[in-house]
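Participant: Can you look at this prediction? I've put the sequence above it.
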Amino acid sequence: MNNPTAGITAVILASGFSKRMGCNKLLLPVEGKAMIAHVFDAVRQAGFEQTVVVTGFDSIAQLAVGNGFQAVDNDSPEIGQSHSVVLGVQKTSQSAGWMFFNGDMPWLKSDTIGKLLEYADAAHIVVPRYGSRPGQPVYFPAAFKAELLALTGDHGGRTIIRNHPDRVCYVPIDNIRQGVDVDTPEGYEKVKGGDWVE
């Protein structure tokens, strides 16, 4: 049986300042553990051969190592999310592709990751669509390595997606809740209470 994660690296982006939250949101508790720990669980259960966590926070790096992941130090997080993407790709440059995760999606599950991986190939970017909204995680094959390494600013891979609309495969995800990310104190209160932002 083929392993859908073979050669693909999971890159968890965990370097943000959480300015709107006023604290490191990734360490806030959700259902009894840190928000990012839920993402770690989903990624680990998906069975990636290699997972790296790009962060500038020692506490998150320690959590990553404790989960069997490799921590990649981002000493310049102020440059923006693209710098985290570049660091993750540089550290795993021989990969057949990369699936990028945000650390603030506590309800993401391995079944959604697995569904996205079913569409992963050497030519197409794979993007989940939660209802009408595209979201995370996003898969890029190695064909886009040069463009990933050239990213700048805080837009991440969105620039590449916009530049190659004919190379993007959108995958509908029925469980919209899994696509929820937490960006504000109000959003966190809804997540903590079991609700979510539409």
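Facilitator: Perfect, thanks for sending it. Numbering: from 1, shown residues only.
Participant: residue contacts, the nearest residue to residue 130 once chain neighbours are set aside?
Facilitator: Excluding the flanking residues, the one nearest residue 130 by Cβ to Cβ, 6 or more residues apart in numbering is residue 179, at 3.3 Å. All C-beta atoms are positioned from the backbone trio N, CA, C, and that covers glycine. With contact taken as Cβ atoms under 8 Å, 6 or more residues apart in numbering, residue 179 is in contact with 105, 108, 128, 130, 131, 133, 135, 136, 173.
Participant: Could you do residue 52 as well?
Facilitator: Counted by Cβ under 8 Å, 6+ apart, residue 52 has contacts 9, 10, 11, 12, 69, 70, 71, 72, 88, 91, 92.
Participant: let's go with 7 Å and repeat that
Facilitator: Counting by Cβ atoms under 7 Å, 6 or more residues apart in numbering, residue 52 makes contact with 9, 11, 69, 70, 72, 88, 91, 92.
Participant: Serialize those to CSV and add fields for secondary structure.
Facilitator: What follows is these, written out as CSV (DSSP: H, G, I helix; E, B strand; the rest coil):
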residue, secondary structure
9, strand
11, strand
69, coil
70, strand
72, strand
88, helix
91, helix
92, coil
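Participant: In terms of pLDDT, where does the residue nearest to residue 130 sit?
Facilitator: Listed pLDDT for residue 179 reads 83.
Participant: From residue 105, how far off is it?
Facilitator: Between residue 179 and residue 105 the computed distance is 7 Å (Cβ to Cβ, to the nearest Å).
Participant: Same check on residue 42?
Facilitator: 8 Å.
Participant: can you check residue 57 too?
Facilitator: Distance of residue 57 to residue 105, computed by Cβ to Cβ: 17 Å.
Participant: Any of the contacts of residue 52 buried? List them.
Facilitator: By neighbour count, with 16 or more other Cβ atoms under 10 Å, the contacts of residue 52 hold 9, 11, 69, 70, 72, 88, 91, 92 as buried.
Participant: Can you tell me which of these lies closest to residue 37?
Facilitator: Residue 37 has its nearest neighbour among these in residue 69, at 11.6 Å by Cβ to Cβ.
Participant: Please name the nearest non-neighbouring residue to the closest one.
Facilitator: Nearest residue to residue 69 in three dimensions, chain neighbours excluded: residue 51, at 4.4 Å (Cβ to Cβ, 6+ apart).
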